[in-house]
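Chemist: Test case, fold it:
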Amino acid sequence: MQDRGNKDMVHEDDQDAGMSLTEQVQRSIEELLQYGVNKRLMEPSDCPYVRNALLDLYHLQEPHPQYQTEYSRQESLGDEEELQSILRTLLDYGHVIGLTKHNTVTERDLLDARITGLLLPRPSETIAAFKHTVSAVGIEQATTQFYNLCIDSNYIRMDRVRKNSYWRYESEYGSIEMTINMSKPEKSPKEILEAKKAATSHYPKCLLCADNVGYEGHVNHPARQNLRQIPIELEGESWYFQYSPYVYYNEHSIVLHHEHVPMKLTKRTFERLLAFTEQFPHYFIGSNADLPIVGGSILSHDHFQAGRHTFAIENARVEREFCWQAYPDIRVSIVRWPMSVLRLTGSDHKQLAEAVHVIYECWQQYSDPAVHIHAFTDNDGEKVPHNTVTPIVRRRGSEYEADIVLRNNVTSEEHPEGIYHPHREMHHLKKENIGLIEVMGLAILPARLQASVAAIVPLLTGSVQWESMRNTMTEEDPLHVHRAWIDELLTRFGTAMTELEAETAIKQDMGRLFVEILGQAGVYKQDDAGRQAFYRFAAHLGLDSL
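Modeler: Coordinates of the predicted model:
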């Protein structure tokens, strides 16, 4: 085959002296096969089949002249950078021969999943291997192996996840985890334009549908050839277990309904959450609220989020304990947390699910105008509901523990985005919904803040003068939205810091502001009026203070 197009597309690091572009690609295919065998994505006997599929994809008639006829697993398993280097060569060449049109990040990701999907076993084989491991050595080893498969197949892009900024903020409520999310690439103007021009598709119905497994994707929908799911049963219903490609925390997983049905909290929801912890006792699981503003980003498909991670809320201390005559075997407490949390603990998960449902139903109907809590508002004669909960469930040894976070999505003229939502003075930092993950104490801040931090550092070191910049900047300047915050930072810290001191101070202040944001999302505030109002609701439930 003749080399066509821009031969400089292949990276210099992947080029050998005297090797043609075609030979480089042929060699990369062989390296990819060895990687797949080493990582146990496929068996050595699969290599001829996968090689031929890759040759067909790249319109090559034959493999590398020194290709191996047999493969065996090597002690050196390879690493993430080895895979990324191989894929760079294949993705660059894919653009040369027309497999991608504009060579954008989105197009490269589509081709990436197409390539790595060829290395994976069929979904039924993945499911069988998972079940075998559960039977042989237990659920913890099964989830570890499945998680590693998702990383090794490049479905979970750890090369991008590691670009996230991560630090901790030690607050009065515990150690808050802070992240600036860089793992989900932002679309370029060209990609946004292409997405607008693309034909509308209704298959799969959403990003969570089981139909995504093996889907080729397009500019408006990520490719999922390298996605695998595990079917599970929760309270007699079919659900699927998979990992999130963006892994905001360790083994970040999604449990999704087998049908495209909307999010709705019912008694069955709480029963399913607790049933999941029976099967996965090493994982927590939770659900976003089922109303807009306080809910998750995808309310059209019922799903939960789970994982193997300890969040700050789990270690938060108890503020007040109660006894509940209706459920004497369940311990109830208010958790010391910026949001409003009732914690229930007991050994009978059926009874616990019932008690959680009683709280949920009671909260749905509850109003306390003195602290701006309204269960309903009237919209042309129609009652619009506002109260819901964010439930989180985990195991503590033989006991089950449920954190029920009270939520309300009412709006006002002063807070049109939501009274219990990040207020506008915080939008320079965070204006998106406070969902399940952030409720638990892990901030997911937008990628734009990475550049903001870098631009504010010189102001605190004195190498850039803020006053002259402030007086001349336009609204398009990225720092324009941060003007009030920068004024405050300079007042508090001055302009004589080192770069490291400045970056640390900025990030710690972001932690302080995030805790304030959580407080804004809390229906009961951390003051005397808020505490007394929370106690009124506890009394309304029939709880007696110990």
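Chemist: With adjacent residues omitted, what lies nearest to G511?
Modeler: Y169 (2.4 Å; CB to CB, 6 or more residues apart in numbering). From N, CA and C alone the C-beta is placed, and that goes for glycine too.
Chemist: I should have written F322 there, sorry.
Modeler: L543 (3.9 Å).
Chemist: Please name the residues that touch that neighbour.
Modeler: L543 sits next to F322, C323, W324, V332 when contact means CB atoms under 8 Å, 6 or more residues apart in numbering.
Chemist: how close does it sit to R536?
Modeler: 11 Å (CB to CB, to the nearest Å).
Chemist: just to revisit the earlier point, between the contacts of L543, which is nearest T144?
Modeler: V332 (34.7 Å; CB to CB).
Chemist: Make sure the closest one is actually in contact with L342.
Modeler: Yes. With contact defined as CB atoms under 8 Å, V332 and L342 form a contacting pair (6.4 Å).
Chemist: if we can go back for a sec, was I right to think the residue nearest to G511 contacts I176?
Modeler: Yes. Using CB under 8 Å, Y169 and I176 qualify as a contacting pair, with a distance of 4.5 Å.
Chemist: on that earlier part again, can you classify the residue nearest to G511 by secondary structure?
Modeler: State at Y169, reduced to three classes by DSSP: H, G, I helix; E, B strand; the rest coil: strand.
Chemist: pLDDT at it, what is it?
Modeler: Y169 is assigned 98 on the pLDDT scale.
Chemist: same question, P189
Modeler: On the pLDDT scale, P189 gets 55.
Chemist: got it, and G236?
Modeler: Confidence at G236, expressed as pLDDT, is 96.
Chemist: count of residues packed around it?
Modeler: Other residues within reach of G236, judged by other CB atoms under 10 Å, total 9.
Chemist: go on, G296?
Modeler: Neighbour tally, G296, other CB under 10 Å: 20.
Chemist: right, and it touches F304 too?
Modeler: No. With contacts defined as CB under 8 Å, G296 does not count as touching F304, sitting 10.0 Å away.
Chemist: The residue nearest to F322 bridge partners, please.
Modeler: W324 (DSSP bridges).
Chemist: and the gap between it and F534?
Modeler: L543 sits 11 Å away from F534, going by CB to CB.
Chemist: What of V105?
Modeler: The gap separating V105 from F534 is 47 Å, by CB to CB.
Chemist: quick revisit: list buried residues within the contacts of L543.
Modeler: By neighbour count, with 16 or more other CB atoms under 10 Å, these hold F322, W324, V332 as buried.
Chemist: Check which helices and strands the helix or strand Y166 falls within sits against.
Modeler: Using DSSP states H and E, Y166 maps to strand 165-171. Contact partners of strand 165-171 among helices and strands, from 3 or more CB pairs under 8 Å, 6 or more residues apart in numbering; DSSP states H and E: strand 174-180, helix 499-521.
Chemist: how about JSON lines for the ones you listed, with distance to M426 and mean neighbour count added?
Modeler: Compiled in JSON lines, those are given as follows (distance: least, CB to CB, whole Å; neighbours: other CB atoms under 10 Å):
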{"stretch": "strand 174-180", "distance to M426": "14", "mean neighbour count": "20"}
{"stretch": "helix 499-521", "distance to M426": "5", "mean neighbour count": "19"}
